[in-house]
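# below is the sequence, then the predicted model.
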Amino acid sequence: MCFYSSRMHFVCLECRAAYKKSAGSREADRCPQCRGELIDAGADLAVPKRRDTAGWRALEAVLRAGLTFHGGCCGTGPGYRPRTPREVQDRLALAARTGMPVKEALAVADPALTDRYGATARTRGGGARMPRQDTGSPSSS
C-alpha cells in the first residue's frame, strides 16, 4: 500500500521559514510573516534550522534551480539533493565542466563519478582490472 503525504512544505527563503500545508489551500500563496511568495518544496524536504545559514543557502540554490522535494509512489523519494554550499559548488563546477544543465547537475549524487555522458555512465569500481602481481611468497599448492 502506498502512502504519500498530501501536506507539502511551503518555504519562504526570505524569512527562512517552512510551513506544512495542503497543496490546494488558499493561504499557501503568501508568507504570513513577510507576505512574500512561498515556494512549494514538496513533502520530503528536511528543513534546515533557521540559524543554519549554510543549509539555507544550499536549499535556496536547489529551489532556485527548479528542483523540489516531491517524492514518488512507494517511498521512492525525490532523489539526491545537496545539503551544503560545498556540495552545491561541486555540482555547479560539474555543470560548467561538462555542459550538463544546472538542474540535472544538482541532482547528481557524486560528481566525481560523472562525466559528459551523465550520472550513470560510470560507476564505482568499474573498468578493467589489473592483473595480480606476484608478491614473491611461496604458493600453497
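Looks like it arrived, so ask away.
# which residues are in contact with stretch 49-69?
Under the contact criterion C-beta atoms under 8 Å, 6 or more residues apart in numbering, stretch 49-69 has outside partners 9, 11, 13, 16-17, 39-45, 48, 78, 81-85, 87-88, 102-103, 106-107. Heads up, the C-betas are built off the backbone N, CA and C, glycines and all.
# from those residues, list just the buried residues.
9, 11, 13, 16-17, 39-45, 48, 78, 81-83, 85, 87-88, 102, 106-107 (16 or more other C-beta atoms under 10 Å).
# on that earlier part again, just the contacts of stretch 49-69: which are in helices?
Pro85, Glu87, Val88, Val102, Lys103, Leu106 (DSSP state H).
# widest-spaced pair of those residues?
Largest separation among these by C-beta to C-beta: Pro85 and Lys103, giving 17.6 Å.
# need the distance between the two termini of stretch 32-43.
20 Å (C-alpha to C-alpha, to the nearest Å).
# tell me the mean pLDDT for that stretch?
In this model, stretch 32-43 carries a mean pLDDT of 86.
# please apply the same query to stretch 94-106.
So the average pLDDT for stretch 94-106 ends up being 86.
# and it, end to end?
End residues of stretch 94-106 are separated by 9 Å (C-alpha to C-alpha).
# still on that earlier bit, I'd like the ones in helices among the contacts of stretch 49-69 laid out as TSV, including distance to Gln33.
TSV is the format used below for the ones in helices among the contacts of stretch 49-69 (distance: C-beta to C-beta, whole Å):
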residue	distance to Gln33
Pro85	25
Glu87	28
Val88	26
Val102	29
Lys103	29
Leu106	28
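# Arg30: which of the residues you listed is nearest?
The nearest one, if we look at these relative to Arg30 and count by C-beta to C-beta, is Lys103, at 25.8 Å.
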